[in-house]
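In: take this sequence and fold it.
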Amino acid sequence: MSWTDERVELLKKMWGEGQSASQIAKELGGVTRNAVIGKVHRLGLSNRATGASPAKAEPKEKPAAAPKAEAKPKPAPKTEPARPAPAPAADAKPAVPARRQIIPAGQPLPPQPSANEISPEALAKVNEVEKKAKKLTLMELTEKTCKWPVGDPATEDFWFCGLPVEAGKPYCEAHVGVAFQPMSSRRDRRR
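Out: Sure thing, here's the model as predicted:
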């Protein structure tokens, strides 16, 4: 089945009338509901607001005067609670878990909680292994190379370990020791 100009025009017309993707697929024949939805997205047709605009246009016009009066007070309450909200969250850190922070590329990462739990022997082993690493790029990785990332991906100094992996793991022996923790230590940390 191909999307001819006639079929596309019929799709646009039926979509504009508010018919469902299933109804349009039945009318066109030879296409699925998902194919219709995909074509609607590719054509950039608007959502159902246009299809149902005759029925919804009147209610939107009537309350339009009321939301204008309410619209002015709404921004003030939205901005006021938004400012105090971070302060209580910072004060209540023990009671409320902190949200994950998005850090822009190129910025240093904050200390990771699991870094303190890694044994000094494992860290020493990782440091030694990283001196011997092959320093591969993403495109050079294979099933048999260690995929441990080293450095900041936003810089040119970013690379992957590349040493032979441990059987059934994505990392070499040294990086497996750092990456995978026994179940009991993870369970204890949650408490």
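In: quick one: low-confidence ranges for the chain?
Out: Counting by pLDDT under 70, the ranges of the chain that qualify are 1, 48-101, 109-118, 181-191.
In: who is Pro164 paired with across the strands?
Out: For Pro164, the beta-bridge partners are Thr145 (DSSP bridges).
In: and stretch 119-127, C-alpha only, in PDB?
Out: Extracted in PDB, the C-alpha atoms of stretch 119-127 (Å, rounded to 0.1, in the frame of the first residue of the first chain):
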ATOM      1  CA  SER A 119      37.700  -1.100  48.900                       C
ATOM      2  CA  PRO A 120      41.100   0.600  48.600                       C
ATOM      3  CA  GLU A 121      42.500  -2.600  47.100                       C
ATOM      4  CA  ALA A 122      39.900  -2.500  44.300                       C
ATOM      5  CA  LEU A 123      40.700   1.200  43.600                       C
ATOM      6  CA  ALA A 124      44.400   0.500  43.500                       C
ATOM      7  CA  LYS A 125      43.800  -2.400  41.100                       C
ATOM      8  CA  VAL A 126      41.700  -0.200  38.800                       C
ATOM      9  CA  ASN A 127      44.400   2.500  38.800                       C
END
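In: pull the residues that contact it.
Out: 174-175, 177-178 (C-beta atoms under 8 Å, 6 or more residues apart in numbering). Every residue, glycine included, has its C-beta placed from N, CA and C.
In: including neighbour count and distance to Ala133, could those residues go into JSON lines?
Out: Formatted as JSON lines, the contacts of stretch 119-127 follow (neighbours: other C-beta atoms under 10 Å; distance: C-beta to C-beta, whole Å):
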{"residue": "Ala174", "neighbour count": "24", "distance to Ala133": "10"}
{"residue": "His175", "neighbour count": "26", "distance to Ala133": "10"}
{"residue": "Gly177", "neighbour count": "19", "distance to Ala133": "15"}
{"residue": "Val178", "neighbour count": "18", "distance to Ala133": "14"}
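In: so can I have a markdown table of those showing distance to Ala25 and secondary structure?
Out: Shown next, in a markdown table, are the contacts of stretch 119-127 (distance: C-beta to C-beta, whole Å; DSSP: H, G, I helix; E, B strand; the rest coil):
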| residue | distance to Ala25 | secondary structure |
| --- | --- | --- |
| Ala174 | 55 | helix |
| His175 | 50 | helix |
| Gly177 | 55 | helix |
| Val178 | 52 | helix |
